[in-house]
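I would like to see how this sequence folds:
(chains A, B and C)
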Amino acid sequence: MSEHLSYVGKRMPKPDLAGKVTGEAKYTEDLVIPGMLEGRILRSPHAHALIKSIDISKAKALPGVVCVLTHKDCPEQKFSRSTMAEALPEFAFSGERQDQYILSEKARYVGDWIAAVAAEDIYAAERALELIEVEYEVLPAVLDPFSAMAKDAPKVHDDVKANVAFEMDHPFNTGDVDKAFAEADAVAEFSGVNSRQKHLHLETDAAIAYFEADSRLVIVSPSQGPHLAKKHLTRRVFTDLDDGDIRWISPTIGGGFGARLALGVEPVAVLLARASKRPVRVTSTREEDFSGYSSRTDQHQTIRVAATKDGKLLAVEQKIVSDAGAYLSHSATTSIVNMQKTLGLLRCDNIRGHLTVAYTNTPTTSGFRGYGNPEGAFVFQQALDRLAEKIGMDPMEFRLRNLKQVGDPSCFVPSVLEHTKLEECIRLGAERFGWSQKWTGWGEKREGRYRRGVGMSILTHASGAGGFLLEHSSAVMKVLSDGTLNLIVSPCEMGQGILGALAQVGAESSGLRYEQVRVTTGDTDVTMFDIGSHASRSMLVIGNAVAAAGAKVKDQIKALAVAKFELRQVSATAEQIDVREGRVFLTDNPKIGFDVREIAYDAIYNFGAEGGQIVATGSYLSTSHHPNHQAAFAEVEVDTETGQVTVARYVVAHDIGRAINPLLVEAQLEGSAVQGIGFALTEDFVIDPVSGEVLSDSLLTYRLPTTMDVPDMDNLLVEDPLPAGPYGAKGVGEAGLVNPAPSIANAVYDAVGIRIHSLPMSADKVLWALRHGDQAAKGSSRVSGQHL
Amino acid sequence: MARQIGSFKINGRVREAIIEPQMLLVDVIREKIGLTGTKRACASGNCGACTVLVEGLPVCSCLTLAITAQNKDIRTVEGLRAADGELHPLQQAFIDHCASQCGFCTAGMLMSATALLEANPRPTRDDVNRGLSGNVCRCTGYVKIVDAVLDAAQKIVAAREVTA
Amino acid sequence: MGRVIQPFEFVEPSTIDEALGLAAAEGSRLFAGGCELVLSMRRGEVRYRRLVSIMGVGGLGGFRAHPKHGLEFGAQVKIRQLANHIWVGKRWAALHEAIEQLHPPHIMNMGTVVGNLCSAVPYYDLPTSLYAHRAVIRIGDGRSDRELPIDDFYIGPRMTALGRGEMVTSIFVPPPLADAGSAFKKIYKARRRSNDLHKINAAAYVALDADKETIVDATLVIGSVGAKPVRIAKAETVLRGQSAGHAAYEAAAEIAAKAVEPMTDAAWVEEIRSEWIRLLARDVLEQAASRARSRHDPAEDAHLAF
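Numbering: from 1, shown residues only, chains lettered A, B, ... in the order given. Now for the predicted structure:
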């Protein structure tokens, strides 16, 4: 029987957009709670300093100021801004060190939170910050992970030896790596470091905390995972509260990209609200977001690879030194994931990985879309190209010879790869790009000021982290009397389009109309437990939960329809009835049927009859990470006089399983590709090497891609349904950010014969490397954010 | 002290609010007048999220003192819809093309695009890229935004021809 | 570093005298479009008790652009007015290019050219282009006017030659010679040290003889490399009398690269910076000369302008 699909696979409009184009959508800062105070945070001007004393008397005396708090007013337990501790297995949990207080007892980076104020208006709150007198004793600071781990380096945390926050061997090390390197025909190595890309969600960090009836705490903030955040906050910070004591509301979110997976100013808002017994809104500025909020973790890596002369990959070894910044947050787990994705991408019998994460007196680094994968790919895909060059093989051919096949061990956790279309992605992308014409062999010298080159990169990414994270989710469906489907699901609306895709799955599986799906989300009192929107997991995990609920709704409708048909003198069993697009009909005679509204109405307004509203829940537990895959091809033009790199063409083919909504999938791929191009070329998070101050603290100095930086792009979908996916779908949210940097880097090498060892590949570094050669550019500065 | 009643002509209606000289237009529009569609994102004139039209031209409301915008013709995203509630062709095109993701840049994008199409009803792709170069979007990669503006431009021109 | 600006007083006088009187008080400052001022006040870099708007003062809104008589505009003239004017694009191309590349374009609708100049922000583009055009700053104190070449206008980082009780009333940009052209270019870069700036800009003006072969006059300016734009006088002298070709531009650019003081102690940062200065200098000279050589002199169409 051929599958009939009413909505899945169609380019339906995203339901949240009506509110976004009219300005009606409400974000955290758009909400006003009567009597709300304005909260602001005082931040440290020093990278490393003891706080000798804090005098808050003048600030407190200022008219309009309601309370002024310091570390003395904070809970005594330490916590982590990352909420992931609650969802991780034992082996990774030690990477979630609980290492900070809400307001710090010692300044550990420029921007560290020292005190907080709540006042009747923002002017008084900010004036009060100026009146807080802090006496600092400035200490020597460590600004990069290597000097942090050096002998006798100043300690960021007194209880941490040599500033080593976390260290581990890759848990799935295997084979005899040394032997493989010794016996290989060719060995190649590449070292590099990514920059601290900023999430740059346009909505700056904010939170509202207030008490509703019965003194129950309500938190409103742009959290990507409010259920987990709530658990974390009650378990680690406000331990006098428990899961049921907080209601957490995530309204529309102005961009997340992983940043909202860590706690922002929420704990401060709660602290101030509890102290003042008033609703408090804590806001921050863009400058404060730059210095005080998280960024991608800069991971210094060396990757060695070995192969036989006919292109069989024999061994991969990866060493990572990551810079946690002042507090650990996601920087260890994001580095672990880097190892998993890098060492697990290709077929290889001998793998070894080692990770060290160090504290420094710089802003906390964290997880960012791709979560370790872009960081690793930038280095690994260049190492692979170097190896392909050594054995004189087309880099695409080299990758094709080492792809994992179904049945091979998978990359993420000890499991078996059940589905991959990576080879198809490579072939489809190569054809569209014209790889066989454009790739002209290794070592070809090009002439002239502007030189073109091509490069490629491949990846595997997860669709959720089953087996590694707590991957279960549920969905609830209610059918209203007019046939409206009220779909209650957990993912927060931060633009990713998941609510639209889930609405399509909901309408498809239940047989109701897409136009009549109303999605409710973002309130922990209403939605089911879920670990949040990340790891490209929502489509697979929540999608399956929705499909399960939808099937139950459809069954209930069918059961109720039997009686309705009887009233019309039609005899049919539930099995002979189908529901599609809001219409109930006979399978073998679709003309006979009626609107589902009749059933929906009677199910509720059924005086005297039995039953009740059509309601169903669906749950899903994912035990695998169901990898999605992608191949990308880039063509660049390098201006050899200025060092400027321009991406002329970028082609991506993505192994999506099935696109529930191709429009939304394209939107994810385009958006993440442009973020990746920014990561590759312009986005430079620079920390002053002396003061530790963030120099790129505005969009003037931290350069995001604009309309003028978008290349000619093609996003191709390889559709072959994943048996475990809802209607065959896999994840797509993060993958697009992984390939741009390595494929562009490989293309730059093809164009001008140099490799850049640090991101971004900004014009200054490219020009310097062009003048001094590749080798000289190798790691002469190891300061985080400072390159070459 | 310097508190005064400010008078603003927003979306064709006169709105009054108690303002002080230091207040930024974006804050007055959002917090005093209650039109929260306009967003504050960088507050430095670098991202365009707070774009409103003053006398038909895009300005950064985050760098404008509200006191200086009194009695000028101000338009915000809330004023784009027709009186009968029908969406502006740009708004509809943004929905059709999925030209907005998180939506935080959308109001600013729409206002810059409105000014662009009012000045040049038949722009090329390059014109749109240039016209929106001051508006940052972190989510979409811009492709669908530019598609949407070009589509809306065509529809506006076509509708005008029908009426004519 | 605030989310908002702390309270201040805002006054809108109607005469220059009144404005200057109000602005002379401690903690007071003149205010026009306000882009830079609002930003730096919000960031907490400066604080004023009183802002004195000049936007209601009579006599400061004049604007005239004539290919033979020059470009002249008052302190209230928004950048947009220059951007929209065809003769600015034709005869003062460096200024026009600097305006066209303003980011975001919104600034054109908000800021005044005079305000942009008076902010004396080291990385701004319009001052560099106006150096190339040898603009003259007209300064008034309410009673009399004095004129100052733009070269003498900046005396330090964010400091101008304006005395207490003085303001810029208008700017005069002389008309270029008949066979002259100008150009502006910039390159963005990352800040690598705290005293580093995030871009470099350059502008040039080149006038040729009647045969359009020999350089008779030139201005070369490099901006965003220190407290104020730097005129490369030595290069200008060398260019005069030279044949207008690559060799001349390369030689001048070499001088420019050496003339600009280093900003940091990081050798590689400096090396790239001086390389970019060299490239920008060469390219703006070449572009300016190319425009000068373009056969059609738009000034011949001057009668069409009015």
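
give me every residue that touches C:Arg293.
C:Arg293 makes contacts with C:179, C:181, C:208, C:212, C:244, as judged by C-beta atoms under 8 Å, 6 or more residues apart in numbering or on different chains. (C-beta placed from N, C-alpha, C; glycine too.)

Could you provide those residues in TSV, with additional columns for distance to chain B, pLDDT and secondary structure?
Converted to TSV, the contacts of C:Arg293 look like this (distance: C-beta to the nearest C-beta, whole Å; pLDDT from 0 to 100; DSSP: H, G, I helix; E, B strand; the rest coil):
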residue	distance to chain B	pLDDT	secondary structure
C:Asp179	31	91	coil
C:Gly181	23	95	strand
C:Leu208	31	96	strand
C:Lys212	32	91	coil
C:Ala244	31	95	coil
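
Find the closest residue to chain C in chain B.
B:Gly134 (2.4 Å; C-beta to the nearest C-beta).

Can you say which helix or strand has the closest residue to that residue other than its chain neighbours in it?
Spatial nearest neighbour of B:Gly134, excluding adjacent residues (C-beta to C-beta, 6 or more residues apart in numbering or on different chains): C:Pro104 at 2.4 Å. For C:Pro104, there is no enclosing helix or strand under DSSP states H and E.

Surely C:Pro104 is in contact with B:Arg130?
No. Using C-beta atoms under 8 Å, C:Pro104 is not in contact with B:Arg130; the gap is 11.3 Å.

Neighbour count for these two, which is higher?
C:Pro104 (25 against 17; other C-beta atoms under 10 Å in any protein chain shown).

Now do that one, the pLDDT please.
Predicted confidence (pLDDT) at C:Pro104: the value is 92.

contacting residues for it?
So C:Pro104 contacts B:45-48, B:60, B:133-135 (C-beta under 8 Å, 6+ apart).

check contacts around the residue nearest the centre of chain A.
What sits nearest the mean C-alpha location of chain A, by C-alpha atoms, centre = their mean, is A:Arg369, with 3.1 Å. By C-beta under 8 Å, 6+ apart, the contact set of A:Arg369 is A:199, A:257-258, A:672, A:675, A:733-734, A:737.

again, only this time at 10 Å
Applying C-beta atoms under 10 Å, 6 or more residues apart in numbering or on different chains to A:Arg369 gives the contacts A:197, A:199, A:256-259, A:296, A:496, A:534, A:536, A:671-672, A:675-676, A:679, A:733-738.

What parts of the stretch 551-700 of chain A come near chain C?
Residues of the stretch 551-700 of chain A that fall close to chain C, judged by C-beta under 10 Å from any C-beta of the partner chain: A:639, A:641-644, A:682-686, A:688-691, A:693, A:695-700.

Break chain C down into its domains, please.
C:9-53, C:63-173, C:180-293 (automatic domain parsing).

Please apply the same query to chain A.
Taken from automatic domain parsing, chain A resolves into A:17-24+A:472-621, A:31-140+A:199-292, A:429-461+A:628-788.

is chain B contacted by stretch C:73-85?
Yes. Using C-beta under 10 Å from any C-beta, stretch C:73-85 reaches chain B at C:78, C:80.

Show me what counts as buried in that stretch.
C:73-83, C:85 (16 or more other C-beta atoms under 10 Å in any protein chain shown).

Now intersect those residues with the helices, please.
Per DSSP state H, helices hold the following members of these: C:79-83.

Tell me which helix or strand in the chain has the weakest average pLDDT.
Just so you know, I chose chain A. The weakest-scoring helix or strand in chain A, judged by mean pLDDT, DSSP states H and E, is helix A:90-93 (a mean of 66).

Actually, chain C is the one I wanted.
In chain C, the helix or strand scored least confidently by mean pLDDT, DSSP H and E is helix C:86-91, which has a mean of 91.

now that one, how far from the centre of its chain.
16 Å (C-alpha atoms, centre = their mean, to the nearest Å).

and that helix, does that touch chain B?
No. Helix C:86-91 does not reach chain B (C-beta under 10 Å from any C-beta); its nearest approach is 15.4 Å.

Any stretches of the chain with poor pLDDT?
Looking at chain A here, since you left the chain open. A:1-2, A:90-93, A:413, A:609, A:774-788 (pLDDT under 70).

if you could check chain C rather than the one you did, that'd help
Using pLDDT under 70, the flagged stretches of chain C are C:295-306.

hmm, back to that, any idea which of the contacts of C:Pro104 is closest to A:Ala648?
The nearest member of the contacts of C:Pro104 to A:Ala648, counting by C-beta to C-beta, is B:Ser133 at 18.8 Å.

count of residues packed around that closest one?
19.

looking at this, it is in a strand?
No. Per DSSP: H, G, I helix; E, B strand; the rest coil, B:Ser133 lies outside any strand segment and is coil.

Now do the strands in the stretch 51-200 of chain C.
Secondary structure of the stretch 51-200 of chain C (DSSP state E, counting those that start in this stretch): strands at C:63-66, C:70-74, C:136-140, C:145-149, C:154-156, C:159-160, C:167-173, C:180-188, C:199-208.

right, and those - which one's nearest C:Thr128?
strand C:199-208 (4.8 Å).

for the residue nearest the centre of chain B, what are its contacts?
Most central in chain B under C-alpha atoms, centre = their mean is B:Met111, positioned 2.4 Å from the mean C-alpha point. Contact partners of B:Met111, counting by C-beta under 10 Å, 6+ apart, are B:37-38, B:48, B:50-53, B:58-59, B:61, B:75-77, B:79-80, B:90, B:135, C:106.

again, but for A:Lys552
By C-beta under 10 Å, 6+ apart, the contact list for A:Lys552 reads A:477, A:509-510, A:614-618.

Would you mind measuring from the residue in the stretch 501-650 of chain A positioned nearest to chain C to C:Glu275?
Proximity of the stretch 501-650 of chain A to chain C (C-beta to the nearest C-beta) peaks at A:Glu641, 5.6 Å away. According to C-beta to C-beta, to the nearest Å, A:Glu641 stands 8 Å off from C:Glu275.

joint contacts of those two?
What both A:Glu641 and C:Glu275 touch, as defined by C-beta under 10 Å, 6+ apart, is the set A:Leu767.

List phi and psi for B:Val54.
phi -110, psi 120 (degrees, to the nearest 10).

Give me the neighbour count for it.
19.

quick one: it and B:Leu25 touch, right?
Yes. With contact defined as C-beta atoms under 10 Å, B:Val54 and B:Leu25 form a contacting pair (8.4 Å).

Just give the closest residue to A:Ser294, not the sequence neighbours.
A:Ser366 (3.3 Å).

Got the phi and psi for whichever residue of chain C sits closest to chain B?
Using C-beta to the nearest C-beta, the single residue of chain C nearest to chain B is C:Pro104, 2.4 Å away. When read as degrees, to the nearest 10, the backbone of C:Pro104 gives phi -80, psi 160.

roughly how far apart are it and A:Pro154?
Distance from C:Pro104 to A:Pro154, by C-beta to C-beta: 42 Å.

that older thread, any chance of a ChimeraX selection covering the buried ones in the residues of the stretch 551-700 of chain A next to chain C?
Per 16+ other C-beta under 10 Å, the buried members of those correspond to this ChimeraX selection:
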select /A:639,641,642,643,644,682,683,684,685,686,688,689,691,693,695,696,697,698,699,700
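
my read is A:Ala634 is in a strand, agree?
Yes. Judged by three-state DSSP, A:Ala634 forms part of a strand.

ok, for it, nearest residue in space, not its chain neighbours?
A:Ser743 (4.0 Å).

For the one you found, which three-state class applies?
Once three-state DSSP is applied, A:Ser743 turns out helix.

now for the top helix by length along chain B, which elements pack on it?
Of all segments of type helix in chain B, defined using DSSP H, the longest is helix B:143-163. Here helix B:143-163 touches helix A:662-681, strand A:712-719, helix B:89-96, helix B:106-119, helix B:125-131, going by 3 or more C-beta pairs under 10 Å, 6 or more residues apart in numbering or on different chains; DSSP states H and E.
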